[in-house]
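Trainee: what follows is a predicted protein model with its sequence.
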Amino acid sequence: MQAVLTVDLDAVAANWRLLRDRAAPGRVAGVVKADAYGLGAAAVGRALVAAGCRDFFVAHLAEGMALRAAIGPGPSIAVLNGFAPGRDEDAGLLPVLNGLGDVAAWAAAAAVAGRQLPVLLHVDTGMARLGLPPAELEALAADPTRLTGLALQAVMTHLACADAPEHPLNAEQSARFAAIRARLPAAPASFANSSGLFLGPGFASDLARPGCALYGINPTPGRPNPMRQAVTLAAPVLQVREVPAGTPVGYGAGWAAPRPSRIATVAAGYADGYLRSLSGRAVGMVRGRPAPLVGRVSMDLITFDVTDLPALQPGEMVQLIGPGNTPDEVAERAGTIGYEILTGLGGRYRRDYRAA
């Protein structure tokens, strides 16, 4: 018996259309790095193309190659971590240039090729992570001929605090980005991420880059989630047993039954991305009713107290993620974020893609 991860591709497409409408007249890309946040970049990519998406972002070159094979020619695919010239094997991938070394390498490649090469330029406005830092930006602004031979498809930056609308760094990054773009050759702006699309007109993009919101994670924490849920994870009951009061359950004997109890053992664990930090905190939904997770999450198994629920039989499914138990809610119980819940989903689940 195997756990099943169900991905609602219609929900993913509907989320993209909602974000597209918010961003109009700018374009909206689909960020499908980390295997579309754990949901399957090939299936998600094809669904987004069918919905009208023509721009994609991945993190690594290998992700871009795999996505190109899945969606075919036409849509643009940008690689956020960049790659060296000549490494895309004619897949038509766009490198994101994150430093002056990248700029120099691609300008040299353009000179050898005798033609302009399309690229994106990433500038750092407050993340101190990737992108040209202030000193390199000054050098580039002072000598824009460094960009000779490069066809800028976009100048991009990344918001650090978009999910906290009142954070002062948001306005600072907006001002810095505007000032930087004024000193560089004209090119479309790529600014807003999922949460950035909800910050207002000061964060408008010619090319927005939502990721988590496509997959149902709330881009507006603390407010109602405007996105449709796209993920359901259910795992089968392997065994149900009656235990007397005082019986310890699981590794470390950290939980003992406070009363005569009925315990359901379910086929999922931290090897499947069901985090160990959910021990004693999570719930599973059984026929629409919550059952508390008891004992520790182990590698392949978890246990739920189903004493107060109608009798279960082996083979019945317990919902680990889904209605009433969203990725954001699971993440809150685990002390993390919905991104980690989705991107950690393991390869042992059977994936079931649903579309109209």
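Mentor: Now that the structure is in, tell me what you want to look at.
Trainee: can I get stretch 231-246 in PDB? Just the C-alpha atoms.
Mentor: Below are the C-alpha coordinates for stretch 231-246, written out as PDB (Å, rounded to 0.1, in the frame of the first residue of the first chain):
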ATOM      1  CA  VAL A 231      -2.300  19.500  -3.100                       C
ATOM      2  CA  THR A 232      -3.800  16.500  -1.200                       C
ATOM      3  CA  LEU A 233      -1.600  13.900   0.400                       C
ATOM      4  CA  ALA A 234      -3.200  10.700   1.800                       C
ATOM      5  CA  ALA A 235      -1.500   7.700   3.200                       C
ATOM      6  CA  PRO A 236      -2.900   4.200   4.000                       C
ATOM      7  CA  VAL A 237      -3.600   2.700   7.400                       C
ATOM      8  CA  LEU A 238      -1.400  -0.400   7.700                       C
ATOM      9  CA  GLN A 239      -2.600  -1.600  11.100                       C
ATOM     10  CA  VAL A 240      -5.100  -0.600  13.900                       C
ATOM     11  CA  ARG A 241      -4.500  -1.900  17.400                       C
ATOM     12  CA  GLU A 242      -6.100  -1.500  20.800                       C
ATOM     13  CA  VAL A 243      -3.600  -0.600  23.500                       C
ATOM     14  CA  PRO A 244      -4.200  -0.300  27.300                       C
ATOM     15  CA  ALA A 245      -3.700   2.900  29.300                       C
ATOM     16  CA  GLY A 246      -0.100   3.600  29.900                       C
END
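Trainee: show me what counts as buried in that stretch.
Mentor: Neighbour-count burial for stretch 231-246, counted by 16 or more other CB atoms under 10 Å, picks out 231-237, 240, 243. All C-beta atoms are positioned from the backbone trio N, CA, C, and that covers glycine.
Trainee: quick one, helices of the stretch 101-250 of the chain?
Mentor: Assigned by DSSP state H, counting those that start in this stretch, the helices in the stretch 101-250 of the chain fall at 134-142, 168-182.
Trainee: helices or strands next to the longest strand seen in the chain in the packing?
Mentor: In the chain, with assignment by DSSP state E, the single longest strand is strand 231-243. Packing partners of strand 231-243 (3 or more CB pairs under 8 Å, 6 or more residues apart in numbering; DSSP states H and E): strand 4-8, strand 261-266, strand 317-321.
Trainee: among those, which comes closest to Tyr353?
Mentor: Closest approach to Tyr353 among the helices and strands packed on strand 231-243 (CB to CB): strand 4-8, 5.2 Å.
Trainee: just the strands from the stretch 101-250 of the chain, written as ranges.
Mentor: 117-122, 150-156, 189-190, 207-208, 231-243, 248-249 (DSSP state E, counting those that start in this stretch).
Trainee: quick one: mean pLDDT over stretch 166-179.
Mentor: Averaged across stretch 166-179, pLDDT comes to 95.
Trainee: how far does it sit from the chain's center?
Mentor: The chain centre lies 23 Å from the centre of stretch 166-179; the measure is CA atoms, centre = their mean, to the nearest Å.
Trainee: could you do stretch 68-75 as well?
Mentor: That offset, for stretch 68-75, works out to 20 Å (CA atoms, centre = their mean).
Trainee: for Glu242, give me its contacts.
Mentor: Glu242 makes contact with 260-262, according to CB atoms under 8 Å, 6 or more residues apart in numbering.
Trainee: how close does it sit to Ala264?
Mentor: The gap separating Glu242 from Ala264 is 11 Å, by CB to CB, to the nearest Å.
Trainee: quick one: low-confidence ranges for the protein?
Mentor: Counting by pLDDT under 70, the chain has low-confidence residues at 356.
Trainee: and the most far-flung residue of it relative to its centre, how close does it get to Ala253?
Mentor: The centre of the chain is farthest from one residue, Pro244, which by CA atoms, centre = their mean lies 43.4 Å away. Pro244 sits at a distance of 15 Å from Ala253 (criterion: CB to CB).
Trainee: domain ranges for the protein, per the record?
Mentor: For the chain, automatic domain parsing gives the domain ranges 9-215, 231-354.
Trainee: thinking again about what came up before, out of the contacts of Glu242, which are buried?
Mentor: Buried members of the contacts of Glu242, counted by 16+ other CB under 10 Å: 261-262.
Trainee: now the contacts of Glu242 as TSV including distance to Gly346?
Mentor: Below are the contacts of Glu242 laid out as TSV (distance: CB to CB, whole Å):
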residue	distance to Gly346
Pro260	34
Ser261	29
Arg262	28
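Trainee: nearest to Glu63 among the contacts of Glu242?
Mentor: Comparing the contacts of Glu242 against Glu63 with CB to CB picks out Arg262 as the nearest, at 44.5 Å.
Trainee: so Leu147 touches Ala187, yeah?
Mentor: No - applying CB atoms under 8 Å, one finds Leu147 not in contact with Ala187, separated by 9.7 Å.
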